[in-house]
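**Student:** need a structure here:
(2 chains)
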Amino acid sequence: MWNVPVSRRRVLRDGALAALALGAGPHVLLRTARGQSASKRVLVAIFQRGAVDGLSMVVPYTESRYYALRPSIAIPAPGGGADRALDLDGVFGFHPALASLYPFYQAGEVAVVHACGSPAGTRSHFDAQDYMETGMFSANSGSDGWLNRHLQSSPAASASVFRAVATSSQLPRSLSGAAPTLAVADLSQLRLGRGATASIVQSAMTEMYGPRTDLLGTTVNNAVEAVDLAGSITAVQPENGAQYPTGELGGQLRQIAQLIKADVGLEVAFANVGGWDTHSGQGSSTGTLATLLRGLSDSLAAFRTDLGSRFADVCVVTMSEFGRTVPENGSAGSDHGHATAMLVFGGTAAGGRVYGQWPGLDETALLDGRDLAVTTDFRTLFAELVERHLGNPNSGVVFPGFAYDATTRLGVIA
Amino acid sequence: MERAGFWPRVHRLVPAVVVAVAVVMRRGEVAAASTDAVAHLLNRATFGPTAELVDEVRRVGTTAWVDAQLNAAPDADAALDQRLAAYSTLTMSTAELLAAYPEQQAGMRDPATSPARIRAELVAARIVRGVHATAQLREVLVDFWANHFNVYGSEGPTRWTITAYERDTLRPYVLGRFEDLLRATAQSPAMLYYLDNYVSVASGARGEGSGINENYARELMELHTLGVHGGYTQEDVEAVAHTLTGWTITAPRAGTIDFQYVPRFHDPSPQAVLGSTIGRGQMDQGTSVLHALATHPSTAAFIARKLVQRFVNDEPPASLVKKVEEAFLSTHGDLSAVMRTLLTAREFSSTRHRAAKLKAPLEFVVSALRAVGADMTNGWPAARLVGLLGQSLYEAVPPTGWSELAPAVVSASGMLSRVDAAQRISAGTLEGATVDTTQWNGTGTGRSGATKLLSSILFRRTSKATRQAIQHAAEANASPTLQAALVLASPEFQQQ
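**Tutor:** Have a look, this model is predicted:
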């Protein structure tokens, strides 16, 4: 698998040089780099690390037990006022900090999948993240990430070095595996050498790492290749008056939009956003969690605005390893629970609806008497994104042992 | 690795010459192999080999050198102390730090007295110690245990307690008893705040709705002692949380931030923990739980595996894990004995583990500074560089700390940034790190020049591709400092 990209890289680079020699502009050069990708669809996965409280993000405001069990952290039911939930369907409401996302829900671009989560029972962040990122349920399985298995199994495989990008300094488990990927926290870091030394440094790096096919070698070889196009990508500016908030997610989505608009063959992007482990002082309509949710919402809204008509091919999904306890804990926070809510926001989303079966908050409905029960296996949602959004019919390869079919289909992708 | 490039050419020579060359080669290889073994030890037990250290280990032998490192007195490095004297916060108490670096009002911020300065000095000192300390193994272990018992140092009261956390909680115990280290972390204001135990109280003890917080109890078992598959249940998490209620901190407005046990916050009722009953009690309940966890067989297995992953291989050899685990159990968690077992085991020096690990950003930066003989006049710019490369010390958010494993330490942008960092370090343009840039002037060009430069930085054999790349760079008129930077950027220098 690893031997192929090296020669393909040469072909690409020569092709690009040929295009340049013929006097074609940089746009043509970028189109060449896009490779044979048949699909223009892009999936953006956002991992809310630390376990987001789905019951505050998407509030079940008709449940009296929600208010009884959460005296200090519940979100007031809709009814006007900046501190109240924003009604979605007469049963659920957005946290008021998601106000900037709300118009897109009303426009049918945002769907919610509630009571979604993992069939595994763990309350360990790290095991639960591993399970969700590999789509497998054994500890230390060494498995590839589910997004990497998509890259490996998709019939529309592209050769672009930017096909799968994580906007982080570490490659997330979701993307790890045999198919080439790129982890880059800041696209402006994609450069080699300074001034007069640049060509010497670039040659030396190519010579030293070129023969290597291990993790180190492939990472550096991909990085060196990416350097060629980085300048054209970072020159892309936000459009339509989009204003990305400062903070962990805004900068990542701004860069993902740059990759999409630069037409460099992006198919899967991955962003991390942390801080959701709200064990104490979680807050209600305002406070710690509200600030995090506002960052999420404003970043997503800016991304949507920036992309304009390009959003038709794009779908964003949020995920988190588990949800939090239904009863608040002894320090005005919440502990590790099970099901949470996930958002699907895209041009291909059948939005304006809350999907999934609501298990309710009655004592007997709760898992271990404390957690929201999982009624939608996260693999159902992810498999639907793989099959219906990315057009890869091999979801059985992406999620071994899991059947996605007409009976499990959510319908969240139009 | 050199052999692959060399042997085919030898075979083309006439037989008599083959014999002569083969004899020379064999002799050369014996020497090279032992240098490789020394370099291997120094790559794992220190922040990187230097010419002096390689000589020292070859002179005294590996086992005697390891023993000397294990027995090095913590305060016997006068030259280092002199370098650290610039960081006045290192020796200040939490109360003194609170007084000298108070919370600042928005719009009236002064960097000279900002609380942020406390962590900045601490991590700057970590770099200076990493580069210059003679007790290198201790410094590597401080890094290991600071990650194992991770706290986030740039938030809330931890901004003032982080200095005491490293100085009083971690450093005294990294070669001491694990149980002492565990108890010190459990009673440290930094950990009590970071994992919320400071607000965990008996039901109703702090007003309506107040009660336990599971965060610390869970991570105590999952990450600090037993490991996630070490045999505990959700009921154990809750029971342990109950036993540790009342372990809290004094409020900063009291003038200091110290551990305190508050009996009225404690739930004294008996608890069933890991199949045993912890009888009705006060603070002794928590101490009993910590003792049970520190001496639990799952803890020995978990710590052994993690140490072998750090010091030997991401895929730890089972036989060595077993040896280290047995040493942990038989010595009741004597971390010095544990490290001696690990570093002197036959498996440790097996050739298959050489260069098998990748350096994390801290290891890369500090080993590069050592390789070029940097004189650290200020560690902060290098500490910032470590942060830019993805490992900001005391700023890992999740309680796992920064991962040491290969997939976590290698990324596209991170590796390109290392190339940039290598150029700044060898050229002496990284502020605070003075480098004699004339040191490579006489290295020469051609194959022998490249080989000489490589071995002066790496102390072990390299691939033909790397040697040729350095040779070609010299032919393209790369300056000696740029050639040195390329060695620091080579795949061999990313490995340890």
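
**Student:** Low-confidence ranges, chain A, go.
**Tutor:** Residue ranges of chain A with pLDDT under 70: A:1-39, A:139-142.

**Student:** nearest residue to the most centrally placed residue in it other than its sequence neighbours?
**Tutor:** Centroid-nearest residue in chain A, with CA atoms, centre = their mean: residue A:45, separated by 1.2 Å. Excluding the flanking residues, the one nearest residue A:45 by CB to CB, 6 or more residues apart in numbering or on different chains is residue A:270, at 5.0 Å. Placement of C-beta: from N, CA and C, glycine included.

**Student:** on that earlier part again, I'd guessed the residue nearest to the centre of chain A sits against residue A:269; true?
**Tutor:** Yes: counting by CB atoms under 8 Å, residue A:269 is a contact partner of residue A:45 at 7.2 Å.

**Student:** ok so, going back, what helix or strand does the residue nearest to residue A:45 sit in?
**Tutor:** Secondary structure assigned from DSSP states H and E places residue A:270 in strand A:268-273.

**Student:** Show me what that strand pairs with in its sheet, parallel or antiparallel.
**Tutor:** Applying DSSP bridges, strand A:268-273 is found paired with strand A:42-48 (parallel), strand A:164-166 (parallel).

**Student:** from the ones you listed, which stretch is densest packed?
**Tutor:** Comparing the strands paired with strand A:268-273 by mean neighbour count (mean count of other CB atoms under 10 Å in any protein chain shown), strand A:164-166 ranks first with a mean of 28.

**Student:** and residue B:284, how many neighbours does it have?
**Tutor:** Neighbourhood size, residue B:284 [other CB atoms under 10 Å in any protein chain shown]: 13.

**Student:** Need the three-state assignment for it.
**Tutor:** helix (DSSP: H, G, I helix; E, B strand; the rest coil).

**Student:** Kindly state the pLDDT recorded for it?
**Tutor:** pLDDT, residue B:284: 98.

**Student:** ok, residue B:86 - contacts?
**Tutor:** Residues in contact with residue B:86 (CB atoms under 8 Å, 6 or more residues apart in numbering or on different chains) are residue B:378.

**Student:** Distance of it relative to residue B:435?
**Tutor:** Note on residue B:86: its distance to residue B:435, by CB to CB, to the nearest Å, is 19 Å.

**Student:** residue of the stretch 51-200 of chain B with the smallest distance to chain A?
**Tutor:** residue B:199 (3.9 Å; CB to the nearest CB).

**Student:** so how many other residues sit close to the residue nearest to that residue when sequence neighbours are not counted?
**Tutor:** Once flanking residues are discounted, residue B:199 sits nearest to residue A:331: 3.9 Å by CB to CB, 6+ apart. Per other CB under 10 Å, the neighbour tally for residue A:331 reads 24.

**Student:** related to what we said a few turns ago, how far away is the residue nearest to the centre of chain A from chain B?
**Tutor:** 17 Å (CB to the nearest CB, to the nearest Å).

**Student:** for residue A:395, same thing?
**Tutor:** 25 Å.

**Student:** Residue A:266 too?
**Tutor:** For residue A:266, the distance to chain B - CB to the nearest CB - is 14 Å.

**Student:** cool, residue A:238 as well?
**Tutor:** 21 Å.

**Student:** Ramachandran coordinates for that residue?
**Tutor:** phi -60, psi 150 (degrees, to the nearest 10).

**Student:** which ones are touching it?
**Tutor:** A:244, A:254, A:257, A:302, A:306.

**Student:** Do a quick rundown of the strands in the chain.
**Tutor:** Answering for chain A, as no chain was given. A:42-48, A:58-60, A:86-87, A:92-94, A:110-117, A:164-166, A:182-183, A:268-273, A:314-319, A:340-346, A:353-355, A:376-377 (DSSP state E).

**Student:** wait, chain B
**Tutor:** Counting by DSSP E, the strands of chain B are B:247-249, B:259-261, B:271-273, B:276-278, B:375-376, B:433-434.

**Student:** Which of these has the highest mean neighbour count?
**Tutor:** Highest mean neighbour count among these (mean count of other CB under 10 Å): strand B:247-249, a mean of 23.

**Student:** Thanks a lot, catch you later.
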